[in-house]
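Participant: sequence first, then the predicted structure, then my questions.
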Amino acid sequence: MNYLTRVFIIALLAFPLAACDSNDGAAEKMGENVDEALDNTRDKLDDAADEIKDGIEDTCEEVSDENC
């Protein structure tokens, strides 16, 4: 493997590290906030759906005296 090939391979391997920037811009921060808001909304909807399901099952069992 000659010198130029080694330099090229090292440059290719180092490029992804150089491309990663820890300084998030405004759009990145806004995107993270949107993701967090969507996650919170999804969690609340899941909780509400579980409560509705439990309520329907309880009502069904009260009315029919069976497991629903």
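Facilitator: Nice, I can see it.
Participant: which residues are contacting the lowest-mean-pLDDT helix or strand in the chain?
Facilitator: Here the helix or strand of the chain ranked lowest by mean pLDDT, DSSP states H and E is helix 3-19, holding a mean of 76. Under the criterion Cβ atoms under 8 Å, 6 or more residues apart in numbering, not a single residue lies in contact with helix 3-19. Where C-beta positions appear, they are placed from N, C-alpha and C, glycine not excepted.
Participant: quick one: residue 28 from residue 36, how far?
Facilitator: 13 Å (Cβ to Cβ, to the nearest Å).
Participant: kindly report the same for residue 15.
Facilitator: 30 Å.
Participant: tell me the mean pLDDT for the host helix or strand of residue 40?
Facilitator: Here residue 40 sits within helix 26-64, counting by DSSP states H and E. Over the span of helix 26-64, the pLDDT mean works out to 93.
Participant: helices or strands up against it?
Facilitator: Applying 3 or more Cβ pairs under 8 Å, 6 or more residues apart in numbering; DSSP states H and E, one finds that helix 26-64 contacts no other helix or strand.
Participant: how far is it from where the chain is centred?
Facilitator: A distance of 15 Å separates the centroid of the chain from that of helix 26-64, by Cα atoms, centre = their mean, to the nearest Å.
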